[in-house]
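In: I would like to see how this sequence folds:
(4 chains)
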Number of protein chains: 2
Amino acid sequence: MKQFRNTAARTEILRYICESGKALSHPDIQEGSGISCDRVTIYRVLNRLQEEGLVHKVIDIDGTVRYAACHTCGAGNAHTHGHVHFSCSKCHSVTCLERVQPELRLPRKYKMQEVHFIVSGICAACS
Amino acid sequence: MKQFRNTAARTEILRYICESGKALSHPDIQEGSGISCDRVTIYRVLNRLQEEGLVHKVIDIDGTVRYAACHTCGAGNAHTHGHVHFSCSKCHSVTCLERVQPELRLPRKYKMQEVHFIVSGICAACS
DNA sequence: TGATCAATGCAACAATGTTGCAAATGTAGT
DNA sequence: ACTACATTTGCAACATTGTTGCATTGATCA
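Out: Numbering: from 1, shown residues only, chains lettered A, B, ... in the order given. This next block holds a predicted model:
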């Protein structure tokens, strides 16, 4: 078992994601947060944060990869992010709707493992 | 209004997507279909087919872009693909579940425009 | 404080997608 | 069938996103 270290890059990136309250893309983090480290380091830190269960990956409706802070799941957890993500077509922010639980019935013989639900529209702040 | 032409590349790509019955990625099309044309041409043909309403874009759970044939919507249509897509973790195929309509209630002040639902699991053919 | 192993920076590479431009080709009109 | 012309194609170049190897730096623990 590899153990993670608490480095400056890790601290800053995690803080930035948590404080934003949104799902951030790689460029968001690179340009928005004050940190100055290599592009590659950001990728590696994000992967580690995801392994640790502090952050989860969100794929936006256009395929953009984003990362959001985890509130409902810990490191040991199975990382089931059954909640809905909301992509605002006005301010282009992606947020987690932790409480919304979609209902769904699959046809016979289909076995469901994970769900990835993204709704686009106008968010509360923009409407 | 630009009008589209019926070229060899267009015909072959559309045929291949329709016959497969699945959502195909760019490499799937380039390598799988017998056609030999430039990589760029495939991108452009796919964009045109999408504008025409014959094909729609599906983002897989890992962010891979795929294209599937449209059955429910025509060119003039608003292209609302409210149906669910199913990504099989065994055979890695992505299919449209046209009939499955998820139910969902958003919090106050959120306005829904489009939904992008992908379920991963084991498909009917694999189980 | 020193040993050890994770983390970083750098360079190189791969995959995916876009753009400009000249040449080729499909389509409509005669 | 021929012509004119806009659409499509191929090619080259470029942008973005993500990964890998390797030497160096730095965090953690005894």
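In: For the longest strand along chain A, buried residues please.
Out: Secondary structure of chain A per DSSP state E: the longest strand is strand A:111-122. When burial is assessed from 16 or more other Cβ atoms under 10 Å in any protein chain shown, strand A:111-122 yields the following buried residues: A:111, A:114-122. The C-beta positions use only the backbone N, C-alpha and C, and glycine is treated the same way.
In: Let me have the residues you listed in JSON lines, extended by pLDDT and distance to chain B.
Out: JSON lines is the format used below for those (pLDDT from 0 to 100; distance: Cβ to the nearest Cβ, whole Å):
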{"residue": "A:K111", "pLDDT": "95", "distance to chain B": "4"}
{"residue": "A:E114", "pLDDT": "90", "distance to chain B": "5"}
{"residue": "A:V115", "pLDDT": "91", "distance to chain B": "5"}
{"residue": "A:H116", "pLDDT": "93", "distance to chain B": "5"}
{"residue": "A:F117", "pLDDT": "93", "distance to chain B": "5"}
{"residue": "A:I118", "pLDDT": "95", "distance to chain B": "4"}
{"residue": "A:V119", "pLDDT": "95", "distance to chain B": "5"}
{"residue": "A:S120", "pLDDT": "95", "distance to chain B": "5"}
{"residue": "A:G121", "pLDDT": "95", "distance to chain B": "4"}
{"residue": "A:I122", "pLDDT": "96", "distance to chain B": "4"}
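In: any idea how far the longest strand of chain A is from the chain center?
Out: Average the C-alpha atoms of strand A:111-122, do the same for its chain, and the two points are 13 Å apart (Cα atoms, centre = their mean, to the nearest Å).
In: Which neighbouring elements make contact with it?
Out: For strand A:111-122, the packing partners by 3 or more Cβ pairs under 8 Å, 6 or more residues apart in numbering or on different chains; DSSP states H and E come out as strand A:55-59, strand A:84-88, strand B:111-122.
In: Would you mind giving those as TSV with distance to B:E31 added?
Out: Written out in TSV, the entries for the helices and strands packed on strand A:111-122 read as follows (distance: least, Cβ to Cβ, whole Å):
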stretch	distance to B:E31
strand A:55-59	24
strand A:84-88	32
strand B:111-122	24
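In: Out of the ones you listed, flag the one nearest DNA strand C.
Out: The stretch from the helices and strands packed on strand A:111-122 with the least distance to DNA strand C (Cβ to the nearest atom of the strand) is strand A:55-59; that distance is 12.0 Å.
In: If I take the helix or strand just after the closest one and strand A:84-88, what angle do their directions form?
Out: Heading C-terminal from strand A:55-59, the first helix or strand you meet, by DSSP states H and E, is strand A:65-69. Interaxial angle of strand A:65-69 relative to strand A:84-88 (axes from the mean of the first three to the mean of the last three Cα atoms, to 10 degrees): 120 degrees.
In: ok, and which of the buried residues of strand A:111-122 reach DNA strand C?
Out: Filtering these for neighbours of DNA strand C using Cβ under 7 Å from any atom of the strand leaves an empty set.
In: which residue packs closest to A:R39, ignoring adjacent ones?
Out: Counting by Cβ to Cβ, 6 or more residues apart in numbering or on different chains, A:R39 lies nearest to A:Q30, which is 6.6 Å off, once chain neighbours are set aside.
In: any idea how far that neighbour lies from DNA strand C?
Out: From A:Q30 over to DNA strand C the distance is 11 Å, taken as Cβ to the nearest atom of the strand, to the nearest Å.
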